[in-house]
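>>> this one's structure only:
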């Protein structure tokens, strides 16, 4: 008999975040996605690092662990490899995941471990009271950069693709329906799945994503990418994306002879990530919509399956199967 779950089955405790924090929105979407996926709480683990977002495991009714700063991917890797049937949700912020945890982040993707890696990106260190993070834009004024940062930020999609990432999706924390959909897509993808969640920090970086933080704003300033569908956007889908040399160009359908047949069609499953990366790198500052949805979803062998298969193959060839048998397999000397 199949058990039907509701979001309440995955709720636990009273979230302790600032009112209006994007973490509240994301947590509600995660609860809903978990219920719709139907994986029992006892087959689910939520593992985080340190930071505001990393309090999230306390609020999910499942196996949970808050690790040390930047080490969520390392612990999540171990949990998945030793228990391949466990569904693992890794929760990190942009500071926790991309600064001290950056090395673990890229190698989890390179190895293609079957983890659902959630990056809650508010472009600030919130827990430590407002220092700039690896995703803060150049010139960003913060407590640790009072005259503005003088360095370029990481762009998570670029980092993911550069580490041979096979799955990348993005949503806005306030867009519950889309967030639920990309979380479910991440679960169904076998391998490292990165979901970037864009959210404001209402205390230290409010307004970071204002152009797309409301439904009306997303109609104007974002594009929902769907595999196999034309890349159109706008309040009435009146705009589209076409190839322009080695780049992309925004056109208005119906002007200068442009029809919907001229618009690029999204291919999330293409092994070559050239176009997918261009979509993921678009921003409003350069006249493009922000891409939301599943941008890349490519099948490849997973580390956890390969490791466990290798272990079974080696065990089948060995005359011993545990440590006691190993000790008794070869010559034995008795020391008197």
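Looks like it came in fine. Only a predicted model underlies this, so the values are computations on that prediction, with no experimental measurement involved. Numbering: from 1, shown residues only.
>>> okay, CA-based contacts and neighbour counts for the rest of this
Noted.
>>> any low-confidence regions in the stretch 101-250 of the chain?
The stretch 101-250 of the chain contains no residues with pLDDT under 70.
>>> which parts of it are strands?
116-121, 167-172, 193-198, 222-225, 232-233, 239-244, 247-252 (DSSP state E, counting those that start in this stretch).
>>> could you dump the ones you listed to JSON lines with distance to residue 153?
Converted to JSON lines, the strands of the stretch 101-250 of the chain look like this (distance: least, C-alpha to C-alpha, whole Å):
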{"stretch": "strand 116-121", "distance to residue 153": "12"}
{"stretch": "strand 167-172", "distance to residue 153": "18"}
{"stretch": "strand 193-198", "distance to residue 153": "15"}
{"stretch": "strand 222-225", "distance to residue 153": "21"}
{"stretch": "strand 232-233", "distance to residue 153": "27"}
{"stretch": "strand 239-244", "distance to residue 153": "26"}
{"stretch": "strand 247-252", "distance to residue 153": "22"}
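>>> quick one: contacts for the residue nearest the centre of the chain?
With distances taken as C-alpha atoms, centre = their mean, residue 195 lies nearest the centre of the chain, 2.2 Å away. Residues near residue 195 by C-alpha atoms under 8 Å, 6 or more residues apart in numbering: 116, 117, 118, 119, 168, 169, 170, 171, 182, 183, 186.
>>> is the third one in a bridge, and if so with what?
It refers to residue 118. residue 91, residue 195 (DSSP bridges).
>>> neighbours around it, how many?
23 (other C-alpha atoms under 10 Å).
>>> quick check: it vs residue 195, distance?
In this view, residue 118 and residue 195 are 5 Å apart by C-alpha to C-alpha, to the nearest Å.
>>> which one of the contacts of residue 195 is nearest residue 57?
residue 118 (12.3 Å; C-alpha to C-alpha).
>>> correct me if wrong: the closest one contacts residue 92.
Yes: counting by C-alpha atoms under 8 Å, a contact exists between residue 118 and residue 92, whose distance comes to 6.2 Å.
>>> roughly how far does the closest residue to residue 74 other than its chain neighbours sit from residue 193?
Closest residue in space to residue 74, ignoring its immediate chain neighbours: residue 104 at 6.1 Å, by C-alpha to C-alpha, 6 or more residues apart in numbering. From residue 104 across to residue 193, the span is 14 Å (C-alpha to C-alpha).
>>> okay, the two: which has more neighbours?
Relative neighbour count places residue 193 above the other of residue 104 and residue 193, with 32 against 20, counting by other C-alpha under 10 Å.
>>> tell me where this protein has helices.
22-37, 72-82, 94-95, 102-111, 156-162, 176-188, 215-221, 274-280, 303-317, 323-329 (DSSP state H).
>>> show residues contacting the longest one.
The reference is to helix 22-37. Outside helix 22-37, the residues touching it (C-alpha under 8 Å, 6+ apart) are 4-11, 15, 17, 53, 56, 60, 120, 173-174, 176-177, 179-181, 183-184, 197, 199-201.
>>> hang on, the earlier thing: which among the strands of the stretch 101-250 of the chain is found nearest to residue 329?
strand 116-121 (41.6 Å).
>>> hmm, back to that, what touches both of residue 118 and residue 92?
By C-alpha under 8 Å, 6+ apart, no residue touches both residue 118 and residue 92.
>>> which other residues reach stretch 93-110?
49-54, 69-74, 77, 119-125, 133-135, 154, 159-160, 163-166, 192-193.
>>> the same query, at a cut-off of 6 Å, please.
Residues outside stretch 93-110 that contact it (C-alpha atoms under 6 Å, 6 or more residues apart in numbering): 53, 69-71, 73, 119-121, 133, 163-165, 192.
>>> are any of these buried, and which?
Those of the contacts of stretch 93-110 that meet the buried threshold are 53, 69, 70, 71, 73, 119, 120, 121, 133, 163, 165, 192, by 16 or more other C-alpha atoms under 10 Å.
>>> any idea of the pLDDT on the third one?
We have a pLDDT of 94 for residue 70.
>>> if I pick it, what's in contact with it?
Residue 70 neighbours (C-alpha under 6 Å, 6+ apart): 49, 96, 97, 100, 101.
>>> need these in TSV (columns: distance to residue 83).
Putting the contacts of residue 70 into TSV (distance: C-alpha to C-alpha, whole Å) gives the following:
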residue	distance to residue 83
49	20
96	25
97	23
100	26
101	23
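>>> pull the most distant pair out of these.
Longest span within the contacts of residue 70, C-alpha to C-alpha: 49 and 100, 10.2 Å.
>>> deepest in the core, which of the helices of the chain is it.
Among the helices of the chain, the stretch with the highest mean neighbour count (mean count of other C-alpha atoms under 10 Å) is helix 94-95, at a mean of 28.
>>> quick one: the residue nearest to residue 74 from residue 71, how far?
Distance, residue 104 to residue 71, using C-alpha to C-alpha: 7 Å.
>>> now the contacts of stretch 93-110 as CSV including distance to residue 295?
Listed next are the contacts of stretch 93-110 as CSV, based on distance: C-alpha to C-alpha, whole Å:
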residue, distance to residue 295
53, 24
69, 28
70, 25
71, 26
73, 22
119, 15
120, 17
121, 17
133, 24
163, 16
164, 14
165, 11
192, 14
